[in-house]
Structures are given as structure tokens and as C-alpha cells.
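Chemist: return a 3D structure for these sequence lines:
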Amino acid sequence: MPTLLHLDSSAVHDGSVSREVTAAFRAAWQAEHPDGTVIYRDLALDPVPHLDAHGISAGFAPAETHSAEQAAAYALREELMAELERADAVLIGSPMYNFTIPSSLKAWLDQVILMGRTAGETPSAKGTPVTVVASRGGSYAPGAPREPYEFVTTYLEKVLTGMLGLEVDFIVPEFTLASVVPAMAEFVPNAAESKARALEEAARRAKELAVRAAV
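Modeler: Residues are numbered from 1 along each chain as shown. Down below sits the predicted model:
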């Protein structure tokens, strides 16, 4: 049965728009594949460690030469890479923090990107569809004053497609802070519309990918 790899990275649990939208995607996916597998990682609640010297060096040395520290570091990388390779679809919740992705998501990416395996000329998960829910407190859309500060979709598109060879689709709920920041009160209707659109798009995308995975 199809496997979905679901990653959330929002530090906020209650009231998180990215988590709400990824949950809608997952529910639609599971409705199509009730007997399927969902590999779930909450990178905020249970973060993976940052890649260190042992993990880096282990990726370029034969297993039989690994020190105890290298072996432990590579075991985690192997587990995370295998989850990515096993997935028929990947779902990532990535809110914008200080114009870019959460550090917990960056740590996961650093662990799974390995030249000669998941990255390089023949990436091991090449072609796997990835849906990224890239929520943000305001708007960084084309033409918006802060468009030049958008380093979430711009970064992830390059890493996920350019390095890992994945097929990436973005769902972008905007103005998520409108209801809590008084100065943004005028954008509350925009926030509601954007979230509703994101929820609808998530359900539609999930169903499409579920059908694709079943073929």
C-alpha cells in the first residue's frame, strides 16, 4: 500500500495554520488509502539533531571503517534517507521564520541530503511528489513589498528539485498573523480567504497524489 511521509516543523501546535493544512492533506490521503502507511515526524516536538562532523565524514567512508561515533550518526541518516526513499509522496509543513524555513526542517534536510545517494546525478528518490505548505504571517507574493525577502519557497524549490530530484508543489497560506497583530487587522478577510483556499487545495492535491500512487 502507498506510503506518505509527513513532516511538520511549526514550533506552534495550537493555532498553527501550516499544521491545519497538512492535517487536511493527510486526512484526504488517508481517506483514499485507509490501509496505507503514514510515516510522521514532528520536527518541532521531536527534532532530529543537526548534522555534525561524524555524520558528514561517515557519509563518505565505508561502513567497516566507521568509528562508534560515525556509526551512530550514520544510523540516523540511514533511517531518515530510507523513509524518504520509501515514500510515494511527501508532505512538509514549513512556516516562515525570519524570512526562511524553521531550523528543525533545515536539520532534517542536512541529514537526508547525501551526494551519491539521495543527491547527485541519480537521486534515489527522484520523481517523488512533494507538497510543501509554506505558511507566512504576511504576504511575500509577487509584487508585495516584501517579495525580495521570500526565502522559503525559493530555497526549498532549489534544494528539493535541484538536489534531491523531487517534484515540488507549494501551497501558500498568507496573512496568518492578521488575527493576532492589531496593525494587520485589515487583512483578516485576506487571511480567512487564503486559509480556505489552502485547505481546499490540500485536499485536492492529496486526492490527486493518492490516485497517482495507486497506479
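
Chemist: how about the strands in this protein?
Modeler: 3-8, 37-42, 89-93, 129-133, 167-171 (DSSP state E).

Chemist: wouldn't Pro77 be in contact with Gly59 here?
Modeler: Rather than Pro, residue 77 is Arg. Yes - using C-beta atoms under 8 Å, Arg77 is in contact with Gly59, at 6.6 Å. To be clear about C-beta, it is placed using only N, CA and C from the backbone, and glycine gets the same treatment.

Chemist: spit out the residues that contact these two alike.
Modeler: Leu114 (C-beta atoms under 8 Å, 6 or more residues apart in numbering).

Chemist: can I get the strands of the chain in a markdown table with mean pLDDT?
Modeler: Listed next are the strands of the chain as a markdown table, based on pLDDT from 0 to 100:
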| stretch | mean pLDDT |
| --- | --- |
| strand 3-8 | 98 |
| strand 37-42 | 97 |
| strand 89-93 | 98 |
| strand 129-133 | 98 |
| strand 167-171 | 98 |
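
Chemist: now render the ones you listed as TSV, adding distance to Leu109 and mean neighbour count.
Modeler: Output for the strands of the chain, formatted as TSV (distance: least, C-beta to C-beta, whole Å; neighbours: other C-beta atoms under 10 Å):
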stretch	distance to Leu109	mean neighbour count
strand 3-8	10	22
strand 37-42	12	15
strand 89-93	10	26
strand 129-133	12	24
strand 167-171	13	17
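
Chemist: okay if I get those strands as TSV plus distance to Leu105?
Modeler: Shown next, in TSV, are the strands of the chain (distance: least, C-beta to C-beta, whole Å):
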stretch	distance to Leu105
strand 3-8	7
strand 37-42	10
strand 89-93	7
strand 129-133	10
strand 167-171	14
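
Chemist: how about Pro9, what does it touch?
Modeler: Slight slip there: residue 9 is Ser, not Pro. Contacts of Ser9 (C-beta under 8 Å, 6+ apart): 18, 43-44, 92-95, 101-102, 104-105, 108.

Chemist: Phe187 now?
Modeler: Counted by C-beta under 8 Å, 6+ apart, Phe187 has contacts 138, 175, 178.

Chemist: how far away is the first one from Ser10?
Modeler: What it means is Gly138. 16 Å (C-beta to C-beta, to the nearest Å).

Chemist: so for those two, which sits in the more crowded spot?
Modeler: Comparing Gly138 with Ser10 by other C-beta atoms under 10 Å, the one with more neighbours is Ser10, at 25 against 20.

Chemist: may I see the buried residues of stretch 23-37?
Modeler: Across stretch 23-37, burial judged by 16 or more other C-beta atoms under 10 Å covers 23-26, 28-29, 32-33, 36.

Chemist: other residues contacting it?
Modeler: Stretch 23-37 has contacts (C-beta under 8 Å, 6+ apart) with 1-4, 6, 38, 89, 91, 131, 133, 199, 202-207, 209-211, 213-214.

Chemist: many thanks, have a good one.
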